[in-house]
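> quick check, what structure comes out for this input:
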Amino acid sequence: MTDLGRLSGRLIGLGVTGSIAAYKAVELLRLLRAEGADVVAMLTPSALRFVGSLSFAALSRHPVETDQLDLLPDGRIGHVVLADSADVIVVAPATAHWLGAMANGLAADVVTATCLATAAPVVVAPAMDGEMWGHPATQGSAARLRAFGYAFVDPASGPLASGQSGVGRLAELGDIVDAVVAAVGDRPVRAADPAVRPPLVEGAREEDLTGRHVVVTAGGTREPIDPVRFIGNRSTGKMGVAVAAAALERGARVTLIAANLEVEPPAGANVVRVSSTGELRAALLRATGGTGGAMGTGAEVGSGERAAFDALVMAAAVADFRPATPAERKLERSGPLTLQLEPTPDLLAEVSRIVRGEDSTGAPTRRPLSPRPVIVGFAAETGNLERAADKLRRKGVDLLAANDVAAAGSGFGTDTNRVTLLAADGPAEDLPLLSKRDVAQRILDRVARALDDRDAAAQTEPIVEPAREPTT
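This is a model prediction of the structure:
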């Protein structure tokens, strides 16, 4: 028989207050989930200065309660719903300030408000400096809470954040989990109906791109015929904006090189506005650490410079052709018009060559960028995707997202997409019809893994000492 965990079916409220030990609460949430519990996190304002809410949302799949006035998506008061449905509430870490406020019924934050409003058992795991824990005021607060029936997992002894050593460290997480299990005991589940509990949220992800710089291109380029008219395409920028928003959600620093968009770029991204392929080319070069000159010459990126980004996702629809000689003045409508078109530069292939340290012929004329960025391209096809594998090879990218823009739900301007992911080091993966945000997350799953593998490999690479001149 499968062991479902000691907290299977239980709803746990996890309160986190402003201690340096707040980072351990993320792992505590994971341990509670491993025991089968459904967990909703509550963070005080001071806790939010130590840890972000996204990790808790990603692991719990619930909205994180940060304010007692916050409403759930269905209009219910979040902390009241949790107070009425939780089987147990655990506050870990609990600061001296929180103990004092709770002992006196001061609902100044969402954690105290929830504990005041609940009939569920409460487990408290304090963490603070040793002298602070030993102070009579703190001990008095703890004694009063024990009199309320609160179960304590007393702090442990050891090195403290102050640099001193003493009693004040957050107890071992396994001991806290055991205390939660004991507090639940054999009580019946308070709210078995999911509709009564706080709702789940979809799409929250772990911040696995924290510290990474992701460059995303989005939208369609426009090539001028004259000062009024242009050659363009049907791209709205929805796919690239979805990638940028998902990367921000996962903790990345994002530069969005935005061609012509029909959607708003996500808040938090560094947006670089461009219009034509030439402007996009110059912006890409600047974003990748160049000087703004012509790409592919080998002079603009230096020799072995550190890469200015970790990943590039080329979701922009770059025009394949442009007028060879745009008119300086508006063309008169006097009869038939013949335009001579010339191909635009293949920006994805050029950036890929720069990353690899190759010139336009493919010869290795300089050292590649280091650490090597991950390059993702898009291929919009019609009818079938037979050419996608050849594009993957010719472009020299790590991952190519190919889609049939003529297929239902997969074209320009839609909120959905059906793509095939082709990797340089693995088989193709056909994704079902998904929202563009979900497609973005699937792509970033691959990017995050590739970056982790890259960094892990760098840790094991042997150090090659330069050859020494013989001495006489």
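
> ok, Pro266 - contacts?
241, 244-245, 248, 254, 256 (C-beta atoms under 8 Å, 6 or more residues apart in numbering). Where C-beta positions appear, they are placed from N, C-alpha and C, glycine not excepted.

> so how far is the helix or strand that contains Leu31 off the chain centroid?
In this assignment (DSSP states H and E), Leu31 forms part of helix 24-34. For helix 24-34, the distance from its own C-alpha centre to the chain's C-alpha centre is 19 Å (C-alpha atoms, centre = their mean, to the nearest Å).

> also stretch 167-184?
For stretch 167-184, the distance to the chain centre is 30 Å (C-alpha atoms, centre = their mean).

> can you give me the buried ones in it?
For stretch 167-184, the neighbour count (16 or more other C-beta atoms under 10 Å) marks 167-171, 173, 176-181, 183-184 as buried.

> how much space between the residue nearest to Leu261 when sequence neighbours are not counted and Thr255?
Of all residues not flanking Leu261 in the chain, Gly237 sits nearest, at 3.7 Å (C-beta to C-beta, 6 or more residues apart in numbering). Taking C-beta to C-beta, to the nearest Å as the measure, Gly237 falls 15 Å from Thr255.

> go on, Arg394?
Per C-beta to C-beta, Arg394 is found 26 Å from Thr255.

> pick out whichever of the two has more residues nearby.
Between Arg394 and Thr255, Thr255 has the larger neighbour count (other C-beta atoms under 10 Å), namely 25 against 13.

> give me the buried positions along the lengthiest helix in the chain.
Using DSSP state H to define each element, the chain has its longest helix at helix 436-460. For helix 436-460, a neighbour-count test (16+ other C-beta under 10 Å) marks 436-441, 443-444, 446-448, 450-451 as buried.

> could you export the residues you listed as CSV, including pLDDT and distance to Asp415?
Output for the buried residues of helix 436-460, formatted as CSV (pLDDT from 0 to 100; distance: C-beta to C-beta, whole Å):
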residue, pLDDT, distance to Asp415
Lys436, 87, 6
Arg437, 85, 9
Asp438, 85, 11
Val439, 90, 11
Ala440, 92, 12
Gln441, 89, 15
Ile443, 94, 16
Leu444, 94, 18
Arg446, 92, 22
Val447, 95, 22
Ala448, 92, 24
Ala450, 92, 27
Leu451, 92, 28
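
> okay, buried residues for stretch 44-64 please.
44, 46-47, 50-64.

> can I get it in PDB? Just the C-alpha atoms.
Below are the C-alpha coordinates for stretch 44-64, written out as PDB (Å, rounded to 0.1, in the frame of the first residue of the first chain):
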ATOM      1  CA  THR A  44       4.500  39.400   7.200                       C
ATOM      2  CA  PRO A  45       5.800  42.700   5.700                       C
ATOM      3  CA  SER A  46       9.200  42.100   7.400                       C
ATOM      4  CA  ALA A  47       9.400  38.500   6.100                       C
ATOM      5  CA  LEU A  48       9.000  39.900   2.600                       C
ATOM      6  CA  ARG A  49      12.200  41.800   3.100                       C
ATOM      7  CA  PHE A  50      14.100  38.500   3.600                       C
ATOM      8  CA  VAL A  51      12.200  36.200   1.100                       C
ATOM      9  CA  GLY A  52      10.000  36.700  -1.900                       C
ATOM     10  CA  SER A  53       6.500  35.300  -2.200                       C
ATOM     11  CA  LEU A  54       6.900  33.600  -5.600                       C
ATOM     12  CA  SER A  55       8.800  30.600  -4.300                       C
ATOM     13  CA  PHE A  56       6.100  29.900  -1.800                       C
ATOM     14  CA  ALA A  57       3.400  30.300  -4.500                       C
ATOM     15  CA  ALA A  58       5.300  28.100  -6.800                       C
ATOM     16  CA  LEU A  59       5.700  25.300  -4.300                       C
ATOM     17  CA  SER A  60       2.300  25.600  -2.600                       C
ATOM     18  CA  ARG A  61       0.200  26.400  -5.800                       C
ATOM     19  CA  HIS A  62      -1.800  28.800  -3.600                       C
ATOM     20  CA  PRO A  63      -1.900  32.600  -3.500                       C
ATOM     21  CA  VAL A  64       0.400  33.800  -0.800                       C
END
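
> off-centre distance for that stretch?
With C-alpha atoms, centre = their mean as the basis, stretch 44-64 stands 14 Å off its chain's centre.

> Glu223: what's it in contact with?
Here Glu223 is in contact with 230-232, 276-277, 319, 321-323, 326, 344 (C-beta under 8 Å, 6+ apart).

> sorry, back to before: what about the residue nearest to Leu261, distance to Val243?
Gly237 is 10 Å from Val243, where distance means C-beta to C-beta.

> the two: who's more crowded?
The residue with more neighbours, out of Gly237 and Val243, is Val243; 32 against 26, by other C-beta under 10 Å.

> where's the more buried one, which helix or strand?
Counting by DSSP H and E, the element that carries Val243 is helix 238-249.
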